[in-house]
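Peer 1: Need the 3D shape of this:
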Amino acid sequence: VQASWPWHKSDWMELRVGGKYRLGRKIGSGSFGDVYLGTNVQTSEEVGIKLESIKSKHPQLLYESKLYKILAGGVGVPNVHWQPACNK
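Peer 2: I've put the predicted structure just below:
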């Protein structure tokens, strides 16, 4: 799951991305943004959620998701679920 923040809060006790993914603990970070452990609230599937600031001067997540779609099905290539910026 890739998203631009700020994300919206569906419940004051937990953060959700796209209303579908519960945001968990941070598992990585870098110049590209931050990566969090996430959970699909409907299926309990664990996912990685990469967040990039909507104020980024050189946003990369859209381009990265397009590249992953081209490479889809290859060994070691993750499945990408694109979630556009949430401005709420």
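Peer 1: for the protein, what spans make up the helices?
Peer 2: Under the criterion DSSP state H, the chain carries helices at the ranges 61-71.
Peer 1: residue ranges for the strands of the protein, please.
Peer 2: According to DSSP state E, the chain carries its strands in the segments 2-5, 16-17, 21-30, 33-40, 46-53.
Peer 1: can you give me the angle the fourth one makes with helix 61-71?
Peer 2: Yep, that's strand 33-40 we're talking about. Taking axes from the mean of the first three to the mean of the last three Cα atoms, to 10 degrees, strand 33-40 and helix 61-71 form an angle of 60 degrees between their directions.
Peer 1: Could you list the low-confidence segments of the protein?
Peer 2: Within the chain, the set of residues satisfying pLDDT under 70 comprises 1-13, 85-88.
Peer 1: I figured His81 was touching Gly48, is that so?
Peer 2: No - no contact is recorded between His81 and Gly48 when judged using Cβ atoms under 8 Å, the distance being 10.5 Å. The way it works is simple: take the backbone N, C-alpha and C, and place the C-beta from them, glycine included.
Peer 1: Could you save the strands of the chain as JSON lines and add columns showing distance to Lys66 and mean neighbour count?
Peer 2: Rendered in JSON lines, the data for those read as follows (distance: least, Cβ to Cβ, whole Å; neighbours: other Cβ atoms under 10 Å):
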{"stretch": "strand 2-5", "distance to Lys66": "11", "mean neighbour count": "22"}
{"stretch": "strand 16-17", "distance to Lys66": "19", "mean neighbour count": "21"}
{"stretch": "strand 21-30", "distance to Lys66": "20", "mean neighbour count": "14"}
{"stretch": "strand 33-40", "distance to Lys66": "16", "mean neighbour count": "18"}
{"stretch": "strand 46-53", "distance to Lys66": "14", "mean neighbour count": "19"}
